[in-house]
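Novice: how would this look folded up:
(one chain, ligands or ions: 1)
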Amino acid sequence: MGVLNVTPDSFSDGGRCLSVDAALKRAQKMWAEGAAILDIGAESTRPGAPEVTLKEELRRLLPVLEAVAAEVPLPISVDTSKAAVMRAAWSLGAGLMNDVTALRGDPLALRTVVDLDIPVCLMHMRGTPRNMQRDTAYTDVVAEVRDFLSERIACCLAAGIPRQRLLIDPGFGFAKNLAANRRVLRHLDAFAGLGFPMLVGLSRKRMIGEWSGVEEASARVAGSVAAALWAVEHGASVVRVHDVAETVQALRVWHRMRQGEEEIHPD
Ligand SMILES: Nc1nc2[nH]c(SCCc3ccc(S(N)(=O)=O)cc3)nc2c(=O)[nH]1
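Specialist: The predicted structure is shown next:
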């Protein structure tokens, strides 16, 4: 899943993608590099990010979504928590709702996802991007994330969302400090065990920077690729990344090594 930020303050690419043209060029580049899905977000959800009004989020998102949907033959995920943005995005061809609040942010979000019959990724977070980093103390973060995801899954299934429309995500960097992120990463299998495809977003995040010693987010490529390989090794079906070419190349090699002898076609 290639990241396409259309926010002025996106944490890792300095918001270069604001113009439709620049966003479209980046979308086409990620497609050429082997991305399977594009994730477009118009409201930054990094720690401390300011809220964006519905009007502003639509103003940023829709022109880019329309252009990308017309020019790039990939499914498009939209990173939003607002029901009205989900509906507008769906009408322009979005194929997945990526809601970091797991449909809790907008009271109409759950109903909207049911009505639109659109796949949704349910991610763990406490609080909001504005205040989530004040609340990073857990007795057992793995148990809390698993219980949260189980509860959100039950809520969605009870509302009539078919199982095959759900993805889960432990939410790296959302209301989690370094120790919590590391524990979640070491227990990814526990979440994969819930029986739903798991999406993981580690790319260029602070824990990659802390572990690699690389200050500048856009320079954390090799560390992000290493984390993506670990995540896929431990059950992730989708990795949300900024550096598509490098991650695709690493995964192609990794898959070849991982396949048993019998799976490789005889030369
Ligand atoms: N499903 C899903 N969607 C996502 N959207 C984002 S945006 C990144 C927000 C951010 C930036 C930086 C840090 S930090 N302080 O750890 O470096 C945390 C969160 N991420 C994810 C993710 O993971 N899953």
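Novice: pLDDT of stretch 68-86, averaged?
Specialist: Stretch 68-86 shows an average pLDDT of 98 in the prediction.
Novice: and the closest residue to T45 other than its chain neighbours, how many neighbours?
Specialist: Sequence neighbours aside, P129 is the residue nearest to T45 in space, at 4.4 Å (criterion: Cβ to Cβ, 6 or more residues apart in numbering). The C-beta positions use only the backbone N, C-alpha and C, and glycine is treated the same way. Neighbour count for P129, taken as other Cβ atoms under 10 Å: 22.
Novice: roughly how far apart are P129 and I168?
Specialist: P129 is 19 Å from I168, where distance means Cβ to Cβ, to the nearest Å.
Novice: now L178
Specialist: Separation of L178 from I168 (Cβ to Cβ): 22 Å.
Novice: Please apply the same query to A32.
Specialist: From A32 to I168 the distance is 30 Å (Cβ to Cβ).
Novice: of these two, who's got more company?
Specialist: Taking neighbours as other Cβ under 10 Å, A32 and I168 compare with I168 leading, 27 against 11.
Novice: count of residues packed around G127?
Specialist: Other residues near G127 come to 14 when the count uses other Cβ under 10 Å.
Novice: Check the one 4 residues further on too.
Specialist: The burial metric for N131, expressed as a neighbour count using other Cβ under 10 Å, is 12.
Novice: What of L58?
Specialist: 19.
Novice: Pull out the buried residues from whatever helix or strand it lives in.
Specialist: Taking DSSP states H and E as the criterion, L58 maps to helix 54-71. By neighbour count on 16 or more other Cβ atoms under 10 Å, the buried set for helix 54-71 is 57-58, 60-65, 67-69.
Novice: Distance to the ligand for the residues you listed - can I get that in a markdown table?
Specialist: Converted to a markdown table, the buried residues of helix 54-71 look like this (distance: Cβ to the nearest ligand atom, whole Å):
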| residue | distance to the ligand |
| --- | --- |
| E57 | 14 |
| L58 | 19 |
| R60 | 15 |
| L61 | 14 |
| L62 | 19 |
| P63 | 21 |
| V64 | 16 |
| L65 | 16 |
| A67 | 21 |
| V68 | 17 |
| A69 | 19 |
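Novice: Distance of whichever residue of the stretch 1-150 of the chain sits closest to the ligand relative to L54?
Specialist: Taking Cβ to the nearest ligand atom, the ligand has its nearest neighbour within the stretch 1-150 of the chain at R46, 3.6 Å off. Distance, R46 to L54, by Cβ to Cβ: 20 Å.
Novice: same deal with F191?
Specialist: When F191 is compared with L54 (using Cβ to Cβ), they lie 31 Å apart.
Novice: count of neighbours near P73?
Specialist: The number of residues near P73, taken as other Cβ under 10 Å, comes to 7.
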